[in-house]
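Colleague: Here's a sequence, model it:
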Amino acid sequence: MCNRVLTYGGMMSIEVPVDELPNVVSTCGWCFVVTSGPSGAHVLSLSPTWSTSGEAMFSVASKRLSSNIEVSGAATLVFPPFAAGELDGYSLIVDASASTTESDTGNLRCRPTRAVWHRPPPPAVK
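Modeller: As a prediction, this is how the structure comes out:
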């Protein structure tokens with residue numbers, strides 16, 4: 001599932017191949033969708049469905065989200081920390097190119113470009 005470990009600035013990230021994301025997040029149910037634009041960041045809690053081509057699709061009506069996507073063409077998906085298994089405490093962060101459409105399957109489409117499991121550094125030892 002995960003192919004390499006990167007360590008930087010005391011944090012640890014584990015890269016996830018984007019083609020594996022639909023299987024990796026199959027038990028998550030929801031994520032935060034973060035966009036940014038002229039009026040600042042915008043965060044929504046949404047549940048994705050996955051296309052056969054690996055796009056995360058969301059049904060959402062938000063003028064601010066649509067405006068941010070129109071300006072930036074990007075979104076970040078943040079799946080909260082998993083609570084069990086070897087990745088206990090890791091969040092999954094997915095960078096994606098994004099577009100809005102008029103579609104029956106979802107009007108926000110996110111094509112993942114990079115994904116990492118990420119955790120904060122361990123507590124400092126005193």
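Colleague: Give me the below-cutoff pLDDT ranges for the chain.
Modeller: 1-11, 82-86, 103-106 (pLDDT under 70).
Colleague: Grab the most central residue of it for me.
Modeller: Compute the mean C-alpha point of the chain, and by Cα atoms, centre = their mean the closest residue is Leu77, 2.0 Å away.
Colleague: Now do the contacts for that residue.
Modeller: Going by Cβ atoms under 8 Å, 6 or more residues apart in numbering, Leu77 touches 31-34, 48, 56, 92-94, 96, 110, 112. From N, CA and C alone the C-beta is placed, and that goes for glycine too.
Colleague: Would you quantify the distance from the residue nearest to it when sequence neighbours are not counted to Leu65?
Modeller: Distance criterion Cβ to Cβ, 6 or more residues apart in numbering; nearest residue to Leu77, sequence neighbours excluded, is Val94 at 4.1 Å. Separation of Val94 from Leu65 (Cβ to Cβ, to the nearest Å) stands at 16 Å.
Colleague: Would you mind listing the buried residues in the helix or strand the residue nearest to the centre of the chain falls within?
Modeller: Under the criterion of DSSP states H and E, Leu77 resides in strand 74-79. By neighbour count on 16 or more other Cβ atoms under 10 Å, the buried set for strand 74-79 is 74-77, 79.
Colleague: And the contacts of the top helix by length along the chain?
Modeller: When the chain is parsed with DSSP state H, its longest helix is helix 63-72. Under the contact criterion Cβ under 8 Å, 6+ apart, helix 63-72 has outside partners 33, 35-39, 42, 44, 75, 98-100, 108.
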